[in-house]
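A.B. asks: got a predicted model here, sequence first, then my questions.
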Amino acid sequence: MNRFSALYRAVLVLVGIVRPSKSGTENRIEKTAFYPGPKGEATPVKIFCPGKPLRQTIIIYPGASPLAEEHPAMKLVGGALARAGYLVLIPRIPPLKDLIINEDLLTWMVCFYKWARRRNDVYPERIAFIGMSFGGALALKMVLYPEVRKHPPKSVLVYGSFYDINTAFEFLLTGKMTINGKTVTITPNEWGVIVLFHNFLGKVDVGYSTDNVQRLLALRVKDLIEESDAERKKLTGKERALADALLESKPTPEIRRITALIREQCKPDLDNISPKTWCHRIDTKVFVMHGANDSMSPFTESIKLAAALKNSYLLISYLYEHREISTDRGVFFRTKEFFRLLFFLYAFIRYNDSDSHTATA
C-alpha cells in the first residue's frame, strides 16, 4: 500500500466513524460466528467482512460492558474498518460481558487469538489489535503472554485505557485530574466505581456483612435495574447506606475507606491489571489514543502510558472536550483536531501495512 492509498483508507475509516453509513451495507458485511472458548464453549464473535479485502485483520477487544460485541460503538468501528478493506473480528469475552475482572479474561483473549490465527481468511502475520477502555490494558498485557510473544500482533491500538489503577480509582471517586500542574475536576462516570466494588467488595473485610450489597451490584452490572432496585429497598443500616452511595455516585467517607482497603488487600490483583507495573516490557508498537471527554478514565492516564512504553504513538483528541477544560477555540481548532485524528489513523494503517515491525510512524 502506498502512502496515498493509506491516507485514502484512513479517510474512509474516519468518515465511517464520524458519518456512519445509512445505506444498509452493515447487513451485508456483518455476520456472527462462534469460536471455541477455553473449555470448548461455543462463543459468539462478530465478523465484519470487507468487499475488497486487504489481507489484513484487526481484532477489536471490547471493554467491560454487558453489550459486549453487540455494543453500537464496537460495531460502528468494525463496520468503518471493514469498508476500508480490513477483516474485523470482535469476540465476546464472557468475563468482560459479566464485568468480572480476573485472570480468566486473558485466558479467553489468548484462546480467541489462537483461533483467529487458524482461520482460512486470516493472514497470521498481518493481525493488529485494538483494545477499548479496560480491554485496552488487557490487550497490552496479552502481548506479554508466551503464546502471543511467539506470534505477536503487528501493533496494538489502545483507546481510553489507563496506566495506574490507583490514580484511575482516585479519578472515579473525585473526578480530579492534573493538567500542566493544574487540578481540574469533572464529573466521572458512576459505572466505574460500581464495577470496582462488584469485583472487589467481596474480597475485603469491611467489618460487617456486604453479601446483600454484592447481590445488588451483581444485578446492576447485568443491567437488571428493576431487580436491583427491589434488592436496594430491602437493605437497612450500613448496607443500605453503602448501596445508596454506590448507586448515587457519592464518594462518602465509607466508600473511601473501603476503596483504601481494596487497594491494600487486593494489591497483587490490581498490580496484575495495571500497565504501570509491566508495560515497560512491551516491545510491540503501541498506538495510544484518548479523548479529552472521557469520563471513565482521564486522558492523563494515556499520556503516562505512552511515556512508559518503549515504542508508542500518542494522540489526545480534543474534538470533544469537557466543558470544564474547553476553551471553545472555534472552527479552526476543531479542523486542526480533525486532521490530527486523520493522521493518527494514517500512521496506524501505514505501520500495519509495512513488511517489517521496524517501520516508522
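C.D. replies: Cool, got the structure.
A.B. asks: give me the element Phe287 is part of.
C.D. replies: Using DSSP states H and E, Phe287 sits within strand 285-291.
A.B. asks: same deal with Ile262?
C.D. replies: For Ile262, the element it lies in under DSSP H and E is helix 253-265.
A.B. asks: helices or strands next to that helix in the packing?
C.D. replies: helix 165-174, helix 191-200, helix 237-247 (3 or more CB pairs under 8 Å, 6 or more residues apart in numbering; DSSP states H and E). Where C-beta positions appear, they are placed from N, C-alpha and C, glycine not excepted.
A.B. asks: quick one: distance of the strand holding Phe287 to the chain centre.
C.D. replies: 11 Å (CA atoms, centre = their mean, to the nearest Å).
A.B. asks: quick one: strands adjacent to that strand?
C.D. replies: strand 155-159 (parallel), strand 312-317 (parallel) (DSSP bridges).
A.B. asks: would you confirm that Glu190 contacts Ser249?
C.D. replies: Yes - assessed by CB atoms under 8 Å, Glu190 is found in contact with Ser249 at 3.6 Å.
A.B. asks: which residue ranges of this structure form strands?
C.D. replies: Applying DSSP state E to the chain gives strands spanning 30-36, 42-48, 57-61, 87-91, 127-132, 155-159, 176-179, 182-185, 285-291, 312-317.
A.B. asks: what pairs with the first one, parallel or antiparallel?
C.D. replies: Take DSSP bridges as the rule and strand 30-36 pairs in its sheet with strand 42-48 (antiparallel).
A.B. asks: report the buried residues of the partner strand.
C.D. replies: By 16 or more other CB atoms under 10 Å, the buried positions in strand 42-48 come out as 43-48.
A.B. asks: save those residues as TSV, and put in distance to Ser354 too.
C.D. replies: Shown next, in TSV, are the buried residues of strand 42-48 (distance: CB to CB, whole Å):
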residue	distance to Ser354
Thr43	32
Pro44	32
Val45	27
Lys46	27
Ile47	25
Phe48	23
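A.B. asks: quick one on the thing from earlier: need the strands paired with strand 285-291 in TSV with distance to Leu138 and mean pLDDT, can you?
C.D. replies: TSV is the format used below for the strands paired with strand 285-291 (distance: least, CB to CB, whole Å; pLDDT from 0 to 100):
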stretch	distance to Leu138	mean pLDDT
strand 155-159	10	97
strand 312-317	17	95
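A.B. asks: which one, of those, ends up nearest to Phe171?
C.D. replies: strand 312-317 (15.5 Å; CB to CB).
A.B. asks: next one: that closest one to chain centre, how far?
C.D. replies: So, by CA atoms, centre = their mean, the centroid of strand 312-317 is 15 Å from its chain's centroid.
A.B. asks: how about stretch 224-241?
C.D. replies: Per CA atoms, centre = their mean, the centroid offset for stretch 224-241 relative to its chain is 30 Å.
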